[in-house]
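# Sequence first, predicted model second:
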Amino acid sequence: MSRADVRGVPVEESEATAPGTVPGSGAVRSPSPLWSFGLLRSELLITFRRWRTLALLAVLAAVPILVGIAVKIETSDGSSLGGGGGGGEGPAFISQISNNGLFLVFTALAATLPFFLPMAIGVVAGDAIAGESSAGTLRYLLVAPAGRSRLLLTKYATVIAFCLAATLVVAVSALAVGALLFPVGDLITISGTRITYAEGLGRALLIALVVAASLVGVAALGLFVSTLTGSGIAAMATTVGLLITVQILDQIPQLDALQPYFFSHYWLSFADLMREPVYWDDLVKNLGLQALYAAVFGSAAWARFTTRDITA
């Protein structure tokens, strides 16, 4: 006789853990790939149907709209927007929005990356395990034949999917608003060369993917924090607090020797994709650093979760 677990995935009664044993630690048959896909699909549906997730995505989508309207009002008299300094930093794109709406994509990503995007990722990642524990559903999830490692990997994959979705929401919203409020066409790169609008769209997509990849370290950190506590709110608050602290430390000149190891240090290196030729040095450092954070904190999360006594 079979029943369904809290995620709607079938669970055999014989696979339930016996009284007095730690869920997920008993000997069960290995779940099929189809079962694993069902668990991932269920996690994705649950995550993206939550009102909190939809609210976070709505806030992210609103940022490009506000930036676009502000630039439109500022330049409505035909004047150019000031403050577009050089150096290739992300915020410098804002001075080009009135000339080409595609630059709103780059500006919106640069505006949301330091705080809004990582905060949203921190909330989702921090709640991944701790939220299940505080809701009393973690024990029932572990009754299913996934095992702790597979469940943790599914949770991390769900957070990574949210990273991609959140970044694309910002990019698509900015692309639509930019095309609606400003002229579009061929654009000038940071290096001063002209590229076609189609090539600019390709680079915008590549930049969005790089920004999403820049958040995998934060996702792993949040997941690790989530395994340390049974309170979803505490895990989310701790993760967001760590994000803010690291970015503050990244601005202190006296810590310049440590700053290249902070996960946020190379976040704005995506601007180098708008150079001709592309500068890859900082981009490679950023992706390598994110992979390192993902490996370290992912391993720490696995070590903690697989040895943790689950009581709720």
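Arrived safely, thanks for sending. Note that the structure is predicted; figures quoted are calculated from it, not measured. Residues are numbered from 1 along each chain as shown.
# next one: stretch 194-201 to chain centre, how far?
Distance, stretch centre to chain centre, for stretch 194-201: 26 Å (Cα atoms, centre = their mean, to the nearest Å).
# For it, which outside residues touch it?
100, 102, 184-189, 203, 276 (Cβ atoms under 8 Å, 6 or more residues apart in numbering). From N, CA and C alone the C-beta is placed, and that goes for glycine too.
# From those residues, keep the buried residues only.
Those of the contacts of stretch 194-201 that meet the buried threshold are 100, 102, 184, 187-189, 203, by 16 or more other Cβ atoms under 10 Å.
# Now compare these and name the two farthest from each other.
Val184 and Thr189 (15.6 Å; Cβ to Cβ).
# Go through stretch 152-164 and flag the buried ones.
152-156, 158-164.
# no wait, stretch 203-218
Result for stretch 203-218 [16+ other Cβ under 10 Å]: buried residues 203-204, 207-218.
# report the longest helix in this structure, please.
Counting residues, the longest helix found in the chain (DSSP state H) is helix 147-181.
# what helices or strands is that helix leaning on?
The contact analysis (3 or more Cβ pairs under 8 Å, 6 or more residues apart in numbering; DSSP states H and E) places helix 147-181 against helix 33-49, helix 51-74, helix 103-112, helix 116-135, helix 197-213, helix 216-228, helix 281-307.
# Now with 10 Å, please.
helix 33-49, helix 51-74, helix 103-112, helix 116-135, helix 138-141, helix 197-213, helix 216-228, helix 281-307 (3 or more Cβ pairs under 10 Å, 6 or more residues apart in numbering; DSSP states H and E).
# which stretch in those has the least confidence?
Sorting these by mean pLDDT places helix 138-141 lowest, at a mean of 71.
# what separates the residue lying closest to Val63 once chain neighbours are set aside from Asp281, distance-wise?
Ranked by Cβ to Cβ, 6 or more residues apart in numbering and with sequence neighbours excluded, the top spatial neighbour of Val63 is Thr112, at 5.3 Å. Distance, Thr112 to Asp281, using Cβ to Cβ, to the nearest Å: 24 Å.
# what's the answer for Leu215, then?
21 Å.
# Kindly report the same for Gly241.
From Gly241 to Asp281 the distance is 31 Å (Cβ to Cβ).
# again, but for Ala237
Counting by Cβ to Cβ - Ala237 and Asp281 are separated by 36 Å.
# Compare neighbour counts for those two and give me the winner.
Ala237 (15 against 10; other Cβ atoms under 10 Å).
# which residue sits closest to that one in space, ignoring its chain neighbours?
Gly126 (7.7 Å).
# Contact partners for that neighbour?
159, 221-226, 229, 231-240, 242 (Cβ atoms under 10 Å, 6 or more residues apart in numbering).
# same thing with Phe262?
217, 246-247, 249-250, 255, 289, 293.
# again, only using 6 Å
246, 250 (Cβ atoms under 6 Å, 6 or more residues apart in numbering).
# Just the pLDDT for it.
93.
# ok, now how distant is Arg275 from Ser191?
5 Å.
# before we move on, back to that, residues near the residue nearest to Val63, how many?
25.
# State the pair within the contacts of stretch 194-201 that is farthest apart.
For the contacts of stretch 194-201, and using Cβ to Cβ, no pair is farther apart than Val184 and Glu276, which are 19.3 Å apart.
# is it true that Lys285 touches Trp267?
No - taking contacts as Cβ atoms under 6 Å, Lys285 lies outside contact range of Trp267: 11.2 Å.
# what about the two, which has more around it?
The neighbour count for Lys285 versus Trp267, taken as other Cβ under 10 Å, is higher for Trp267 (26 against 14).
# Looking at the buried residues of stretch 203-218, which is nearest Gly122?
With Cβ to Cβ as the yardstick, the closest approach to Gly122 among those comes from Val218, at 6.3 Å.
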